[in-house]
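Engineer: Please work out how this folds:
(4 chains)
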Protein chains: 2
Amino acid sequence: MSYRIGEAAKRAGCKVETVRYYEQAGLLPEPARTEGNFRLYSEAHLEQLRFIRHCRSLDMPLEDIRNLLELKAQPIENCAEINELIDEQIRRVEEQMALLIQLRRSLQELRGQCIGPEVTGTCEIIRGLSDCQCHGGADSTV
Amino acid sequence: MSYRIGEAAKRAGCKVETVRYYEQAGLLPEPARTEGNFRLYSEAHLEQLRFIRHCRSLDMPLEDIRNLLELKAQPIENCAEINELIDEQIRRVEEQMALLIQLRRSLQELRGQCIGPEVTGTCEIIRGLSDCQCHGGADSTV
DNA sequence: TACAATCCCTCTAGTAACTATAGAGTCAAG
DNA sequence: CTTGACTCTATAGTTACTAGAGGGATTGTA
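Structural biologist: Purely as a prediction, here's the structure:
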């Protein structure tokens, strides 16, 4: 069974361009070609493509996926390294989460400052965004 | 009081290149120049730069900051529109958070599958990443 | 068989918000 | 007068794609 790129993309749930992109990025081996120069993907290709897409759905960077694919290709898979890659991804996600929580707090605080411009003659949100000294004063130590 | 770009960047807590980038992106008006063609920033410039940096620290896209700056420049500030921009940003942040929570769950589930390769002869994490049919089966409806 | 619709090809440029580099000019201190 | 820190412009790189131009291949229909 072999598929042209459109069918392969559909089966992996991505766009045709993405498949070509993975090939160019070295994540997907170059497939055979038809006489007319169309790419012909095997089941194995398709499996690998799905593997990549699954990793991407977990937001892993392509670099990590490349590493995973290498580990996957080894006869004896090294669980320790694989776990490390997953753990690192979990760490990244949690870091992002912490950042977003902080962000939301700041935004909500800012949002709560709006009392209409009638009182102070200017929007308190704009003032909040202007006044804050957190982005360096004269003595900024960046 | 006026500052050259290095001083301005330090006071705003960003890099020199970033300041030039904002100018090129139309967020910061072109400053005066010295005879030797160095940029000379006024207090007003600096304030605006800090405003931009503060917005960025809240992860607002430059496009939104451009809008905020316009609203800010209007004599009568339109609280409704300003609020709308902030609310939209809060929505974006919350959307991202929901995504990350889902992501972490998936990753932790995957991570929990590792029982060492001795049992099944292959790493269960790799299997987990390979087997999943969520990225299109034969009957994929993408 | 002619033609149109749909697929596929390569190559290039665009996205967001910077960051980094090259190669040159400016300026103050020693 | 030279050294070093600073600045200038212009260009390319980052991530993971996406979109487009300009062409060829294949397929179905009249």
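
Engineer: what pLDDT, on average, does the one helix or strand A:F51 maps to get?
Structural biologist: Using DSSP states H and E, A:F51 maps to helix A:43-57. For helix A:43-57, the mean pLDDT works out to 94.

Engineer: Give me the buried positions along it.
Structural biologist: Residues of helix A:43-57 classed as buried by neighbour count (16 or more other Cβ atoms under 10 Å in any protein chain shown): A:H45, A:L46, A:Q48, A:L49, A:R50, A:F51, A:I52, A:R53, A:H54, A:C55, A:R56, A:S57. Just so you know, the C-beta spots here come from the backbone N, C-alpha and C atoms, and that holds for glycine as well.

Engineer: As CSV, those residues with distance to A:E95 would be great.
Structural biologist: Formatted as CSV, those follow (distance: Cβ to Cβ, whole Å):
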residue, distance to A:E95
A:H45, 34
A:L46, 34
A:Q48, 29
A:L49, 29
A:R50, 28
A:F51, 25
A:I52, 23
A:R53, 24
A:H54, 22
A:C55, 19
A:R56, 19
A:S57, 19
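
Engineer: out of these, who's near chain B?
Structural biologist: A:R50, A:F51, A:R53, A:H54, A:C55, A:S57 (Cβ under 8 Å from any Cβ of the partner chain).

Engineer: what about the third one, distance to A:K10?
Structural biologist: Meaning A:R53. 12 Å (Cβ to Cβ, to the nearest Å).

Engineer: For chain B, see how far away the residue of chain A at minimum distance from DNA strand D is.
Structural biologist: Using Cβ to the nearest atom of the strand, the single residue of chain A nearest to DNA strand D is A:G36, 2.2 Å away. Taking Cβ to the nearest Cβ, to the nearest Å as the measure, A:G36 falls 25 Å from chain B.

Engineer: Next, that residue: phi, psi?
Structural biologist: Phi and psi for A:G36, reported as degrees, to the nearest 10, are phi -80, psi 10.

Engineer: Can you check the pLDDT for it?
Structural biologist: 95.

Engineer: just checking, next helix/strand downstream of the helix-or-strand element of chain A with minimal mean pLDDT?
Structural biologist: Least confident element among the helices and strands of chain A, by mean pLDDT, DSSP states H and E: helix A:117-120 (a mean of 60). Elements were assigned by DSSP H and E; along the chain past helix A:117-120, the next helix or strand is helix A:124-131.

Engineer: Other residues contacting that next one?
Structural biologist: Contacts with helix A:124-131, where a contact means Cβ atoms under 8 Å, 6 or more residues apart in numbering or on different chains, come from A:110-111, A:113-115, A:120, B:47, B:50-51, B:54-55, B:68, B:71-72, B:77, B:79, B:82-83, B:86.

Engineer: Selecting buried members of those residues in PyMOL, what would you type?
Structural biologist: Of those, the buried ones can be selected in PyMOL as follows, counting by 16+ other Cβ under 10 Å:
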select buried, (chain A and resi 110+111+114) or (chain B and resi 50+51+54+55+68+71+72+77+79+82+86)
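
Engineer: Next, A:L40: secondary structure please.
Structural biologist: Per DSSP: H, G, I helix; E, B strand; the rest coil, the secondary structure class of A:L40 is strand.

Engineer: thinking it is in contact with A:R33, fair?
Structural biologist: Yes - contact criterion Cβ atoms under 8 Å: A:L40 and A:R33 qualify, at 6.4 Å.

Engineer: The helix holding A:F51 and DNA strand C in contact?
Structural biologist: No - applying Cβ under 7 Å from any atom of the strand, one finds helix A:43-57 out of contact with DNA strand C, separated by at least 12.1 Å.

Engineer: Show me what from chain A comes close to DNA strand C.
Structural biologist: So chain A meets DNA strand C at A:R4, A:I5, A:G6, A:E7, A:V16, A:R20, A:N37, A:F38, A:R39 (Cβ under 7 Å from any atom of the strand).

Engineer: Pull the most distant pair out of those residues.
Structural biologist: Largest separation among those by Cβ to Cβ: A:E7 and A:N37, giving 16.6 Å.

Engineer: Please identify which of the two sits among more neighbours.
Structural biologist: A:E7 (13 against 6; other Cβ atoms under 10 Å in any protein chain shown).
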